[in-house]
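Enquirer: A predicted structure for the sequence below; I have some questions about it.
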Amino acid sequence: HLATSLPLPSERDHLRPRIDLVVFMIDIKSKHSLKNVETSLAHVDASFFLGKVCFLVTGVGRMNACSIETNAVCKLGEAYCSPVIFCELELEGVRFATAQRLLRMLQISAGHIPGFSALSFVSLLRNYDDD
């Protein structure tokens with residue numbers, strides 16, 4: 001299911017399936033895209049930031065047209081303890097690899113990988129250089 005921003009409309013809550021993974025898409029060429037994600041983050045329960053949220057940054061193949069500093073997005077990922085995936089969706093191979101990566105993250109966050117939880121997934125992403 002796709003949404004352009006959060007919060008989701010409440011009138012369809014009873015029809016909405018369980019949410020296992022939230023992927024925030026950021027277009028590297030649009031400052032509005034980053035602002036929309038930053039605003040939407042306030043509507044996500046804190047428990048989701050334990051392996052159930054990631055940031056997907058698109059348009060990285062055209063870095064000369066960037067409106068957003070990649071460092072700003074990386075800091076967002078660090079602040080919310082969530083992975084940041086950079087990709088160029090216009091390239092079929094990259095698009096396929098990104099879809100596979102997101103699918104694997106979804107399988108983990110939904111609990112479909114025996115012996116591996118969303119919490120253990122986020123612990124693998126932790127940067128121990130900060131300690």
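Expert: Sure, I can see it.

Enquirer: hang on, residue 82 in a helix?
Expert: No: assessed with DSSP: H, G, I helix; E, B strand; the rest coil, residue 82 is coil; it does not lie in a helix.

Enquirer: Could you check how far stretch 71-90 is from the centre of its chain?
Expert: 7 Å (Cα atoms, centre = their mean, to the nearest Å).

Enquirer: Quick check: end-to-end length of that stretch?
Expert: In terms of Cα to Cα, to the nearest Å, the two terminal residues of stretch 71-90 are separated by 23 Å.

Enquirer: Now do the SS call for the residue nearest the centre of the chain.
Expert: Central residue of the chain (Cα atoms, centre = their mean): residue 54, 2.2 Å from the mean position. Assigned by three-state DSSP, the conformation of residue 54 is strand.

Enquirer: ditto for residue 26
Expert: When the rule is three-state DSSP, residue 26 gets the label strand.

Enquirer: ok, it - how many residues close by?
Expert: Using other Cβ atoms under 10 Å, residue 26 is surrounded by 24 other residues. Any C-beta I mention is one placed from the backbone N, CA and C, and that applies to glycine too.

Enquirer: shouldn't it be in contact with residue 32?
Expert: No: using Cβ atoms under 8 Å, residue 26 is not in contact with residue 32, being 10.2 Å away.

Enquirer: sorry, back to before: dig out what the residue nearest to the centre of the chain forms beta bridges with.
Expert: Counting by DSSP bridges, residue 54 is bridged to residue 23.

Enquirer: residues contacting it?
Expert: 21, 22, 23, 24, 82, 83, 84, 85, 102, 105 (Cβ atoms under 8 Å, 6 or more residues apart in numbering).

Enquirer: how near is the third one to residue 120?
Expert: From residue 23 across to residue 120, the span is 20 Å (Cβ to Cβ, to the nearest Å).

Enquirer: do the same with the second one
Expert: Taking Cβ to Cβ as the measure, residue 22 falls 18 Å from residue 120.

Enquirer: just the strands in this protein please.
Expert: For the chain, the strands defined by DSSP state E occupy 22-27, 53-58, 84-86.

Enquirer: what pLDDT, on average, does stretch 87-107 get?
Expert: Averaging pLDDT along stretch 87-107 yields 92.
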